[in-house]
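Enquirer: would you be able to build a 3D model of this:
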Amino acid sequence: MVPIMMVAAMASAHGEDFDVRGFADFRLVSGAEETSWTQGGLGKTRYGGGDDSARIGGAAVVASWHPTPALLAVADVRYEPQADSTFALVEAYLRYRPVSTDAWRWSLKLGEFFPPISLETDGVAWTSIWTIAPSAINTWVGEEMRVIGAEVRLEHRGEANTFEGGAALFGANDPLGEILAARGWAMGDLVSGFGSHLREPDNYATAIGSAPPRRFDPFLEIDHRVGAYADLTWRSTEFGRATLLYYDNRADPSTYHTFNQGDQLFSWRTKFTSIGATTDAGRLVLVAQGIAGTTEVAPPGFRGEAHFAAGYVLAGWNLGAWRPAVRVDAFMTRQDPASPASEHGNALTLALNWRPLDWLRLTGEALRIDSTTDQRTSIGLAPRQIDTQVMFNARLLF
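Expert: Numbers count the residues shown, from 1 in each chain. Prediction:
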């Protein structure tokens, strides 16, 4: 209800305090040979199956409105031509932050929003200014992680150091962890919103007795329990930024939602810790992040747990109109009890950005993902596959 009311209010807003930004992507793709997860396969890249084509990569519109200096309303609507629901509301929230005249400042956010995890999606509409495909961590966040709730933040601003803490209570993310357990990690810029449905691997659907394609809504409230997260951030004018976050959706893993004429989508008790840092040395920018946790499900007569971890280091060079970048990722999942779905892998991303005009960003990106999972043997593939994807992207910004 809050997002709907907010979007309606923003649509009728006028004046200098109403701002609309967004983008539209057009790209040339040379996809990996392995069938992508978007097509029901086990490939790790967004485009697979040997797909070489010209495509619309997606588009977004982000509207923000300051009716007063203290109040901000934001709505982000995404168009994703590969998604089950091509138009979706990615974020929609109200933030109240009173004007502060001293070192202390606090704020309250209400609505649908991302937890403050990502350190690499500083661009418009939760996109990266360095790469097309985000890291494995933030691909998962973009696909499966969103909260509906309330977040409070407290900040102390000093001349050289700023300390910030936040905490939130939320609902509507009980299936979080399903895609990691079913498919494992992946890398791509396909962002879900409310109304989106994620596709699970076809061999996984068959294994659990469901007819493929099996899709599920990752933003459901199933067990009526409240989840929580808390985070700490340190910002230094000399050293950069460091963050720490703990998340627990507190889901009851024995509860489920029935859909698609009898399919059952269970809640997953997902909890993890994320730590990250950014710094710069002249034109060089370094970003590093790691995440580790567990997700648990408990249908009648069975209890399963997946341990997961991922991390990346990104180096980018700000050379004015040119921004080259390189990123190295590593990731793993381990199923307990043992399962063919366990995996481990690494990835290398090379990207070159050129922004000749304020409204145009051109990016060339090569992505190589080396991963191993015994799940591939069920569809006649070797456990280890190397997926290579090359893209040229033209982003029109407004």
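
Enquirer: hey, let's count contacts and neighbours off CA atoms from now on
Expert: Noted.

Enquirer: can you show me the helices along this protein?
Expert: 2-11, 136-144, 178-182, 202-207 (DSSP state H).

Enquirer: now the second one - C-alpha only, CSV.
Expert: Extracted C-alpha coordinates of helix 136-144, given in CSV (Å, rounded to 0.1, in the frame of the first residue of the first chain):
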residue,chain,number,x,y,z
ALA,A,136,28.0,-12.7,-8.0
ILE,A,137,27.0,-11.2,-4.7
ASN,A,138,25.1,-8.3,-6.2
THR,A,139,23.6,-10.4,-8.9
TRP,A,140,22.0,-12.4,-6.1
VAL,A,141,20.9,-9.2,-4.3
GLY,A,142,19.4,-7.9,-7.5
GLU,A,143,17.5,-11.1,-8.2
GLU,A,144,16.3,-12.3,-4.9
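
Enquirer: that one: how far from the chain's middle?
Expert: Mean-position distance between helix 136-144 and its chain equals 3 Å (C-alpha atoms, centre = their mean, to the nearest Å).

Enquirer: contacting residues around it?
Expert: Helix 136-144 is contacted by residues 114, 118, 133, 176-177, 179, 185-192, 198, 218-219, 291, 310-311, 329, 331 when judged by C-alpha atoms under 8 Å, 6 or more residues apart in numbering.

Enquirer: can you do 6 Å?
Expert: The contact list for helix 136-144, computed with C-alpha atoms under 6 Å, 6 or more residues apart in numbering, reads 186-188, 191-192, 218.

Enquirer: so which of these is the most crowded?
Expert: residue 192 (30 neighbours; other C-alpha atoms under 10 Å).

Enquirer: any idea how far the residue lying closest to it once chain neighbours are set aside is from residue 35?
Expert: Among residues not flanking residue 192 along the chain, residue 143 sits closest, at 4.9 Å (C-alpha to C-alpha, 6 or more residues apart in numbering). As for residue 143, its distance to residue 35 is 18 Å (criterion: C-alpha to C-alpha, to the nearest Å).

Enquirer: low-scoring stretches of the chain, by residue?
Expert: 1-16 (pLDDT under 70).

Enquirer: the longest strand belonging to it pairs with which strands?
Expert: Looking across the chain with DSSP state E, the single longest strand is strand 52-68. Sheet pairing for strand 52-68, assigned by DSSP bridges, gives strand 18-30 (antiparallel), strand 71-79 (antiparallel).

Enquirer: which one of the ones you listed lies closest to residue 286?
Expert: Residue 286 sits nearest to strand 18-30 of all the strands paired with strand 52-68, at 25.5 Å, using C-alpha to C-alpha.

Enquirer: and the contacts of that closest one?
Expert: Under C-alpha under 6 Å, 6+ apart, the answer for strand 18-30 is 52-65, 389-398.

Enquirer: next one: stretch 294-304
Expert: 177, 253-254, 268-271, 305-308, 336.

Enquirer: could you rerun that using 10 Å?
Expert: Contacts to stretch 294-304, defined as C-alpha atoms under 10 Å, 6 or more residues apart in numbering, come from residues 175-178, 180-181, 248-249, 251-256, 264-273, 305-309, 333-339.

Enquirer: so how far is it from its chain's centroid?
Expert: 24 Å.

Enquirer: could you do stretch 163-183 as well?
Expert: Taking C-alpha atoms, centre = their mean, the mean C-alpha location of stretch 163-183 is offset from the chain mean by 11 Å.

Enquirer: among the contacts of stretch 294-304, name the buried ones.
Expert: 175-178, 180-181, 248-249, 251-256, 265-273, 305-309, 333-335 (16 or more other C-alpha atoms under 10 Å).

Enquirer: now the strands for the stretch 51-200 of the chain?
Expert: Here the stretch 51-200 of the chain has its strands, by DSSP state E, counting those that start in this stretch, at 52-68, 71-79, 87-96, 104-113, 147-157, 161-171, 198-199.

Enquirer: adjacent strands (with direction) for the shortest one?
Expert: The reference is to strand 198-199. As defined by DSSP bridges, the strand partners of strand 198-199 come to strand 215-216 (antiparallel).

Enquirer: now swap in the fifth one and tell me
Expert: In the sheet, strand 147-157 lines up against strand 104-113 (antiparallel), strand 161-171 (antiparallel) (DSSP bridges).

Enquirer: and the residue lying closest to residue 212 once chain neighbours are set aside, how far from residue 322?
Expert: In space, and not counting its chain neighbours, residue 212 is closest to residue 202: 5.3 Å by C-alpha to C-alpha, 6+ apart. Distance, residue 202 to residue 322, using C-alpha to C-alpha: 41 Å.

Enquirer: okay, the two: which has more neighbours?
Expert: Legend: neighbour count by other C-alpha under 10 Å for residue 202 and residue 322, higher for residue 202 (21 against 16).

Enquirer: from residue 184, how far out is the more buried one?
Expert: Taking C-alpha to C-alpha, one finds residue 202 at 14 Å from residue 184.

Enquirer: and for these two, which residues touch both?
Expert: 37, 42.

Enquirer: beta-bridge partners for the closest residue in space to residue 367 that isn't next to it in sequence, please?
Expert: Distances taken as C-alpha to C-alpha, 6+ apart place residue 349 nearest to residue 367, at 4.6 Å, with adjacent residues excluded. Taking DSSP bridges, one obtains residue 327, residue 367 as the residues bridged to residue 349.

Enquirer: quick one: contacts for residue 349?
Expert: Shown in contact with residue 349 (C-alpha under 10 Å, 6+ apart): 131-135, 314, 325-329, 365-369, 388-390.

Enquirer: please, a PyMOL command that selects the buried ones among these?
Expert: Listed next is the PyMOL selection for buried residues among the contacts of residue 349, using 16+ other C-alpha under 10 Å:
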select buried, resi 131+132+133+134+135+314+325+326+327+328+329+365+366+367+368+369+388+389+390
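
Enquirer: dump the C-alpha coordinates for stretch 253-267 into CSV.
Expert: Provided in CSV are the C-alpha atoms of stretch 253-267 (Å, rounded to 0.1, in the frame of the first residue of the first chain):
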residue,chain,number,x,y,z
PRO,A,253,11.7,-23.2,7.1
SER,A,254,8.7,-25.5,7.6
THR,A,255,6.1,-23.1,6.1
TYR,A,256,5.2,-22.9,2.4
HIS,A,257,3.2,-21.2,-0.2
THR,A,258,1.1,-23.2,-2.7
PHE,A,259,1.1,-22.1,-6.3
ASN,A,260,0.9,-23.4,-9.9
GLN,A,261,-1.7,-26.0,-9.2
GLY,A,262,0.0,-27.7,-6.2
ASP,A,263,3.6,-26.6,-6.3
GLN,A,264,5.0,-25.7,-2.9
LEU,A,265,7.4,-22.8,-2.3
PHE,A,266,9.0,-23.1,1.1
SER,A,267,10.4,-20.4,3.3
